[in-house]
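Visitor: Predicted model follows, preceded by the sequence.
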Amino acid sequence: MNRWKMLIALLPILSLIACENKNAATPKEATAAPASTTAPAPKVVVKKVAMDQLKLKAAKGWEGEFNKAMSSWTYEKYIPAGDGTNDLGGRFYIDAWDTDMPAKAADYAKKLKTKKGFQDMGYIWTKAETKDIPGGWMISGVSIDKSDKEAKPEEAFVMNIGGCSCRGSTFKNKAMYDEAVAACQSIKP
């Protein structure tokens, strides 16, 4: 879960705490915190993206749905299952880049491989390779849902591109993965 989504969920609690602390010291009265001896991690410089106006080129069959409350997109493509029904061929998500996330691809990849649930609840990456792409960077690899004992490893990706985060997994085949990656690389905020 993105940090900003967790913050939205915590807003009612934070407002109660703020009300209880009305008599707390003002910033001038508060004791200054000791200076940090380590440099802060670099932040991603992000331009404000109008997510509802986002443009991308998706291959035939991909359908996008904008969630106004979350200001994010979900794209899905269904393919014939062979029994007269359709199966989910793939899914990817696009959000505004969360500036609390690591700015460098290598740092982001390290967290994917070492911190369960860093990007998606229950998931950890067993392989993560980074590369620069026009407008940002991409991490491709393999993730697995550690909360599901029957889960199988899945090909996955995440991109920092044009002020957006684009991430995907749950692909039926390599063609679905490649189409999702191409769609994300075409993002025009």
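Guide: Nice, thanks for sending it over.
Visitor: show me the contacts for N173.
Guide: The neighbours of N173, taking CB atoms under 8 Å, 6 or more residues apart in numbering as the test, are G89. Placement of C-beta: from N, CA and C, glycine included.
Visitor: Renumber starting at 35 from here on
Guide: I'll keep to 35 as the first residue from here, and by that count the last item is N207.
Visitor: Tell me the helix or strand right after the lowest-mean-pLDDT helix or strand in the chain.
Guide: Least confident element among the helices and strands of the chain, by mean pLDDT, DSSP states H and E: helix 37-54 (a mean of 42). Following helix 37-54 in sequence order, the next helix or strand is strand 97-101 (DSSP states H and E).
Visitor: Tell me the secondary structure at the most centrally placed residue in the chain.
Guide: Compute the mean C-alpha point of the chain, and by CA atoms, centre = their mean the closest residue is S199, 5.1 Å away. Recorded secondary structure, S199: strand (DSSP: H, G, I helix; E, B strand; the rest coil).
Visitor: Please tell me I have it right and it contacts D134.
Guide: No. If you go by CB atoms under 8 Å, S199 and D134 don't touch, sitting 11.5 Å apart.
Visitor: Which strand residues bridge K222?
Guide: With DSSP bridges applied, the residues forming beta bridges to K222 are K89.
Visitor: residues in contact with the residue lying closest to E188 once chain neighbours are set aside?
Guide: The shortest distance from E188 to any non-neighbouring residue, by CB to CB, 6 or more residues apart in numbering, is to S203 (4.8 Å). Contacts for S203 (CB under 8 Å, 6+ apart) come out as R125, D154, Y157, S177, E188, E189, A190, F191.
Visitor: confidence score at S203?
Guide: With respect to pLDDT, S203 has a value of 88.
Visitor: Any idea what it is bridged to?
Guide: Here S203, judged by DSSP bridges, has bridge partners R125.
Visitor: Tell me how far it lies from T148.
Guide: To T148, S203 is 18 Å away according to CB to CB, to the nearest Å.
Visitor: And for D134?
Guide: Using CB to CB, D134 is found at 17 Å from T148.
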